[in-house]
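*Asks:* could you work out the structure for the sequence below:
(chains A, B, C and D)
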2 protein chains.
Amino acid sequence: MSNSELTVVDPDQDAGVCCSPMVREPLDEVAAVDLAHMFKALSDPIRLRLLSLIASFAGGEACVCELTGPFDVSQPTISHHLKVLREAGLVGSERRGTWVYYWVLPAALAKLSSLLQAPADTPPTADGSAR
Amino acid sequence: MSNSELTVVDPDQDAGVCCSPMVREPLDEVAAVDLAHMFKALSDPIRLRLLSLIASFAGGEACVCELTGPFDVSQPTISHHLKVLREAGLVGSERRGTWVYYWVLPAALAKLSSLLQAPADTPPTADGSAR
DNA sequence: AGCTTGTTTCGACAGCCGTCGATACAGCCG
DNA sequence: CGGCTGTATCGACGGCTGTCGAAACAAGCT
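*Replies:* Below you'll find the predicted structure:
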């Protein structure tokens, strides 16, 4: 019960759809498009691993040169995946001299996480009076 | 595909205590493929809305006949999307007489939700300026 | 300046995905 | 039984997506 503050998301990451679990009420049509875009960015194994790899680095950020090694795909492909993650608002990036660094945007992950939070349970009793 | 120790989240407990967040440590290659499959099922606006619509119904389940109305696509397309959700392990289904009912599997959502949980307090501005 | 390394962009190509209409399957009902 | 309604499957088609090599851009170094 300590995580009741999940509704507090950094205001800089706002898209109109914030925090309420999607199982509570039907998703808005516009919000669904926006969220689907984010989930699509997560729908590739390499992008998932990239994301967790970036976050796992000390300081929460990693330069591209550190991200190309663990994967079997070419470096342009990694760059493409990073671009997808960035355009989905899941990571941020910045060039520092020769290298480009990427970091995870926690608010975006929190937004999706809270959205997926399941209800307590779905009782098999099909009563029609609930809610 | 074996899901090994599948979530089995206690309904009374706070949803989301199944998998460690992916930002803690690099995602396993096999796990990434499995998770990407689930996220891909969520990467379509219609499927997202279907999922939330199903969960929003009284009793947590809905028959297909109640799901085709709100969408502009044909009934076979809805059926296809429901199949994708089912094969991703996000919903369950059962035929009852003439109608087929779908319901959300909370454990699957909880699994993804906990996976996306961001580190509790990641410095929001530590991104680039921290060096 | 020219070379070297790091990163992104560009075209191109194969494969996947969402969509449809038509059709098949499953139960109910008259 | 025959017809009717609800749902799933099939085959096809257009568009999107992941991948590559090649090339362009960026910054540092000699």
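*Asks:* and the end-to-end length of stretch A:89-108?
*Replies:* One end of stretch A:89-108 to the other measures 7 Å (Cα to Cα, to the nearest Å).
*Asks:* buried residues in that stretch?
*Replies:* A:89-93, A:100-108 (16 or more other Cβ atoms under 10 Å in any protein chain shown). Glycine gets a C-beta too; all of them are placed from N, C-alpha and C.
*Asks:* I'd like the average pLDDT over it.
*Replies:* For stretch A:89-108, mean pLDDT is 94.
*Asks:* how about stretch A:114-129?
*Replies:* 59.
*Asks:* all helices for chain A, in order.
*Replies:* Remark: helices assigned in chain A by DSSP state H are A:29-41, A:45-56, A:75-87, A:106-115.
*Asks:* adding distance to B:Asp34, write the ones you listed out as CSV.
*Replies:* What follows is those, written out as CSV (distance: least, Cβ to Cβ, whole Å):
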stretch, distance to B:Asp34
helix A:29-41, 15
helix A:45-56, 9
helix A:75-87, 18
helix A:106-115, 18
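*Asks:* just give the closest residue to the spatially most central residue of chain A, not the sequence neighbours.
*Replies:* With distances taken as Cα atoms, centre = their mean, A:Leu109 lies nearest the centre of chain A, 3.7 Å away. Nearest non-adjacent residue to A:Leu109, counting by Cβ to Cβ, 6 or more residues apart in numbering or on different chains: B:Ala118, 4.3 Å away.
*Asks:* how long is stretch A:63-76 end to end?
*Replies:* Termini of stretch A:63-76 sit 14 Å apart (Cα to Cα).
*Asks:* contacts for it next, please.
*Replies:* Residues outside stretch A:63-76 that contact it (Cβ atoms under 8 Å, 6 or more residues apart in numbering or on different chains): A:46, A:49-50, A:53-54, A:57, A:77-79, A:82, A:99-102, B:26.
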